[in-house]
Each structure stands twice: as C-alpha cells, then as structure tokens.
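Engineer: sequence and predicted structure are below.
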Amino acid sequence: MPAPSHRRSLRKRRALVVSAAALVAGASAGALVLNANAGTVDLYHQTLAAKDGWASSGTGTTGGTKADAAHVFTVSTRAELVKALGSTSDKTPRIVRVKGTIDANTDDSGKKLTCANYASGTGYSLAAYLKAFDPATYGRSKLPSGTQETAREKAQDKQAKNIAFKVPANTTIVGVPGSKAGITGGTLEIQNVDNVIVRNMTFSATEDCFPQWDPTDGDDGNWNSEYDSVTLRGATHVWADHNTFTDAPRLDSANPTYFGREFQVHDGALDITKGSDLVTVSYSQFASHDKTMLIGSSDTDSSGKLRVSIHHNVWKGIVQRAPLSRLGQIHVYNNFFDTTTLNGYAPQYSIYSRAKAQVVAESNFWKVPSGGKVAKLLKGDGTGSVAGGGNLVNGTTTDVVAAYNAANSKKIKTTANWKPTLTAGLQTSAKNLPTELATTTGATVLKVS
C-alpha cells in the first residue's frame, strides 16, 4: 500500500463552514466552506479534491461549478426541481440548491399523491393481485403474467414518472445548509451521464407502491421493489458526499406479509450499476435500511469499470450490502460499521465480495455487540477478494478475512490485483473513527455560522 498523501487527523481536516459576510464582502453564493486542504471555497461551487478516491481520476469531478448565473437554481418543490434539472440531453453546467425537504409524491401544484392516485385508472388492486398470484393456485414455477401484472406495471410506471428525478451531466445538487434539505419518497437517477456532485442531502422514505411478487426468487419467493434513493447506471465521475440515507419514517417493521414473505417496499439506498465508474462516496450516513449499496447489478455487469471509493461513512442498522461488490476495484476505508440491531434491522453482513470483485478494505472500525460473530462481517462467493489491513473490531486489530475464511468453505481471496493511490485523507489508524465520524458525517454537518 503506497503511503497516503495526507496523514492529518480527521478532526483537523474536517470542514468548518462560516458565513459569507464574515469572509468575503459581497460574496453572492451564500455558504462558504473553510477547508484545511482547499482554503476558502464556495460550497455550491466546490469540486472534489485531488486524489480523493476514484472520482478524482482523470478529469476529476467538478459538477456544475462552471454554471453561469442563468443555471444556478434554488428549489423547494418537486416541480421546481424537475424544471431546474431540465433535460438529460442538456450538458450545460448547472447548480441546483435544494432548500427544505421536497416531497416527490406531489403533483405540479404541490398536492399530495398516494398509492391510490397512481393505481387509479390502471385496473390494479392489491387484493386482486394477491388473489391472482396466490401460490396455492398460481403455483411457484413462473413469474406473474396476465391482467393484474400488466395493471401493476402501469401503476408502477405512473409512480416512476412522478418520483424519478433524472440528473443531467455537469450538475451539482447541494442541500442548503440549515434548511433540512433533502428528498422524501423520490429517487435521483444518474444514468449514462458524466460529472455529477450530490451533497448535503437527506434521502428518506423511497418507497415502491407496487412491489412485484416473484415466486421463483429463492426457496420461498420474494416481493421485489423498484427505486433506489440514488441510483447510478452507466454514470461516471460522481461524488456523493455528506448525505444521509434512511427508510424512516416507514421502517421495514411496518411492512405487511403476503404469501409468507415481507411485502418489501424499499430497494437500495445508493446503487452503482450498469458499468458505472469513477465514483467517490464520502462522509455520509446510511441508517435503518436492508439492501443498502449494490456495486454491479449482476455477475456479468462490466469488467474494467465499477471503480468506487467508499470512505469516512457511518453504517448503522444496515442489514446487508455495505457494499455488495462485483467485478470492480473498490476501496473501502475509514468507515465505521455499527452492527448493533437498530429499529428492527438486524445486520447479516457488511461487505460482500463476489464475481471476482477486487476490494481493498483498510482502517475501518466495526462495532460488534456481545454475542456477535466477526466471521459474519464479510461474505464471499469464492471468487472475490478483500485485501488490506488495519481494521478494528471493538477497538482491537482484527483480520476480518481470516475470521470469515475459518468459518466458511467459499474462501475470500486475500490479495487484490490493484493498489489504491487516490487516497487523500486516508487515516492509517481507525481507533477514533466512532467518535470523529459521529460529528463529521451526514446531511446536517455543513452549516452557515
């Protein structure tokens, strides 16, 4: 492992936000960030620092920093957000400042929409769907098809058109500090575009009104939903920083059970798939969620891509996929994983390396409650790698790969085919991460004094 380019403590290098008036007379952008590495910078025009993970590779990630005055927007409603984002074919740099919480389940006038509104006119009803595909009569050998499945698809399409926000290239989306900025019930779609920044946002309650029953999924079937809070598909140079992801207020414990399986309305929190590449996820909080971060949508997604850096994040109440990695070169460092059951979310594993994924996991801190097993922190399929070291479990240096391999027949490989070099801010000691990251991660950290 090359020596990290910065060895400052996290406490010394964390961002301190001060008012524009206190620093620059007449500054127009609002919040200014005083950063130990970058000097004084405008939060809305801030770009990813050099060597800060995979997203800094090549041309780096600058988002909408070159936006002219006509392409700087402040939005507070769903309709305003849609207008500000414009067309995905328009590559003009833009900055979108989100003020307050935007409810995606509203119409253009701001009226609240419900699942019943999306189902209206499609012919779908849950009662009819359950009757049509009851395994006792429909069986378990084939996917649903016919009138009710077609109706479900129509209803799902209506919801998708309303709650999916398509992000164009060269865009920065930043929550206005102190405004409880975020999106509830919606999904940011970053698809086949380059150079996007998403910061200081809370993503909550991303829910699918119309999950599909799949009797062939696993031994007992499963209900599968759409909509990640943020989804990357074929996206490149993306920086997601200081965000918060949560299922709240509707937790999985509130989901009903049909056909003996949970009616799961949540999908991923932040998924990176379909050949996405050069991504950095930093200083964010992931809480109270099941399938949290998927890197690679299948075992044959894309070779030579899916290069992702995940650092200085907090994971708590996460069941699985923190992350699940396929094929790519993934650097997971300086994260804090709290594997205590939270709000009914009982962790199964943190990092899953499969389909020849080349993961380097170093200087992370796992909190494992009494009775928890270190062997369950990782998962593998016998083809993936997890290299690296310096990982702590409850403050003690622990070889988490060795613990997993000792308890499982499908071994995780301990060497990777690459060595991280884009490691600005890497801390070689994970000892203080639980304390430090408690006050430096998530969507409420960047503030105007």
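Structural biologist: Here it is on my side, so go on.
Engineer: C-alpha only now, for contacts and for neighbours.
Structural biologist: Will do.
Engineer: all the helices of this structure, residue numbers only.
Structural biologist: 10-13, 20-23, 78-85, 115-119, 126-132, 135-138, 147-163, 400-407, 433-438 (DSSP state H).
Engineer: using CSV, write out every CA atom in the fifth one.
Structural biologist: Output for helix 126-132, consisting of C-alpha atoms alone and laid out as CSV, is shown next (Å, rounded to 0.1, in the frame of the first residue of the first chain):
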residue,chain,number,x,y,z
LEU,A,126,-53.6,-5.3,-4.2
ALA,A,127,-56.5,-7.6,-3.3
ALA,A,128,-56.9,-8.7,-6.9
TYR,A,129,-53.2,-9.1,-7.4
LEU,A,130,-52.9,-11.3,-4.3
LYS,A,131,-55.8,-13.4,-5.5
ALA,A,132,-54.4,-13.8,-9.0
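Engineer: hey, what's the most centrally placed residue in the chain bridged with?
Structural biologist: When the chain is reduced to its mean C-alpha position, the nearest residue by CA atoms, centre = their mean turns out to be residue 270, at 2.2 Å. Per DSSP bridges, the residues bridged to residue 270 are residue 230.
Engineer: I'd say it and residue 296 touch.
Structural biologist: No. In this structure residue 270 lies outside contact range of residue 296 using CA atoms under 8 Å: 11.8 Å.
Engineer: re earlier: check the helices of the chain for me: which has the lowest mean pLDDT.
Structural biologist: Among the helices of the chain, helix 20-23 carries the lowest mean pLDDT, at a mean of 30.
Engineer: let me see the ranges of the strands in the stretch 101-250 of the chain.
Structural biologist: Counting by DSSP state E, counting those that start in this stretch, one finds strands in the stretch 101-250 of the chain at the ranges 101-103, 164-166, 171-175, 182-184, 187-191, 194-199, 202-204, 212-214, 222-224, 230-233, 236-241, 244-246.
Engineer: and the fourth one, what does it pack against?
Structural biologist: I take that to be strand 182-184. Judged by 3 or more CA pairs under 8 Å, 6 or more residues apart in numbering; DSSP states H and E, the packing partners of strand 182-184 are strand 101-103, strand 202-204.
Engineer: tell me which residues of it are tucked away?
Structural biologist: Using 16 or more other CA atoms under 10 Å as the test for burial, strand 182-184 gives 182, 183, 184.
Engineer: now do the closest residue to residue 181 other than its chain neighbours, the pLDDT please.
Structural biologist: In space, and not counting its chain neighbours, residue 181 is closest to residue 100: 4.2 Å by CA to CA, 6 or more residues apart in numbering. pLDDT, residue 100: 98.
Engineer: I'd say residue 100 and residue 76 touch.
Structural biologist: Yes. With contact defined as CA under 8 Å, residue 100 reaches residue 76; the gap is 5.9 Å.
Engineer: and the two? Which one has more around it.
Structural biologist: Applying other CA atoms under 10 Å to residue 100 and residue 76 shows that residue 100 carries more neighbours, namely 20 against 17.
Engineer: look up how far residue 445 lies from the more buried one.
Structural biologist: 15 Å (CA to CA, to the nearest Å).
Engineer: so, low pLDDT: which residues of the chain?
Structural biologist: 1-41, 448-449 (pLDDT under 70).
Engineer: who's the nearest residue to residue 434 once chain neighbours are set aside bridged to?
Structural biologist: Nearest non-adjacent residue to residue 434, counting by CA to CA, 6+ apart: residue 336, 6.1 Å away. The residues listed as beta-bridge partners of residue 336 by DSSP bridges are residue 314, residue 365.
Engineer: just give the number of residues close to residue 336.
Structural biologist: Neighbours around residue 336, by other CA under 10 Å: 27.
Engineer: picking that back up, for residue 259, find the nearest of the helices of the chain.
Structural biologist: Nearest of those to residue 259, taken as CA to CA: helix 135-138 at 7.3 Å.
Engineer: quick one: that closest one to chain centroid distance?
Structural biologist: Offset of helix 135-138 from its chain centre (CA atoms, centre = their mean, to the nearest Å): 37 Å.
Engineer: outside of it, which residues touch it?
Structural biologist: Residues outside helix 135-138 that contact it (CA atoms under 8 Å, 6 or more residues apart in numbering): 132, 215, 259.
Engineer: any chance of the residues you listed in JSON lines, with neighbour count and distance to residue 379 too?
Structural biologist: What follows is those, written out as JSON lines (neighbours: other CA atoms under 10 Å; distance: CA to CA, whole Å):
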{"residue": "132", "neighbour count": "17", "distance to residue 379": "37"}
{"residue": "215", "neighbour count": "22", "distance to residue 379": "25"}
{"residue": "259", "neighbour count": "17", "distance to residue 379": "28"}
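Engineer: please name the nearest non-neighbouring residue to residue 77.
Structural biologist: Per CA to CA, 6+ apart, closest to residue 77 is residue 102, 5.3 Å.
Engineer: which non-adjacent residue is nearest residue 438?
Structural biologist: Residue 438 sits nearest to residue 314 (CA to CA, 6+ apart), 7.8 Å away.
Engineer: if we can go back for a sec, tell me the one of the contacts of helix 135-138 nearest residue 332?
Structural biologist: So of the contacts of helix 135-138, ranked by how close each gets to residue 332 (CA to CA), first place is residue 215, at 34.8 Å.
Engineer: shouldn't the closest one be in contact with residue 133?
Structural biologist: No. Applying CA under 8 Å, one finds residue 215 not in contact with residue 133, separated by 9.0 Å.
Engineer: common neighbours of these two, please.
Structural biologist: With CA under 8 Å, 6+ apart, residue 215 and residue 133 have common neighbours residue 139.
Engineer: hmm, back to that, out of the helices of the chain, nearest to residue 60?
Structural biologist: helix 10-13 (20.7 Å).
Engineer: tell me which residues of stretch 296-311 are tucked away?
Structural biologist: 296, 297, 301, 302, 303, 305, 306, 307, 308, 309, 310, 311.
Engineer: roughly how far apart are residue 401 and residue 224?
Structural biologist: On the measure of CA to CA, residue 401 and residue 224 end up 31 Å apart.
Engineer: ok, residue 84 next?
Structural biologist: 31 Å.
Engineer: for the closest residue to residue 395 other than its chain neighbours, what are its contacts?
Structural biologist: Excluding the flanking residues, the one nearest residue 395 by CA to CA, 6+ apart is residue 431, at 6.2 Å. Each residue near residue 431 by CA under 8 Å, 6+ apart is listed here: 365, 392, 395.
Engineer: of those residues, which qualify as buried by neighbour count?
Structural biologist: 365, 392.
Engineer: want to throw the contacts of residue 431 into CSV with distance to residue 231?
Structural biologist: Below are the contacts of residue 431 laid out as CSV (distance: CA to CA, whole Å):
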residue, distance to residue 231
365, 27
392, 30
395, 34
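Engineer: ok, what's across the strand from residue 282?
Structural biologist: Going by DSSP bridges, residue 282 forms beta bridges with residue 241, residue 311.
Engineer: ok, it touching residue 200?
Structural biologist: No. Contact criterion CA under 8 Å: residue 282 and residue 200 do not qualify, at 11.1 Å.
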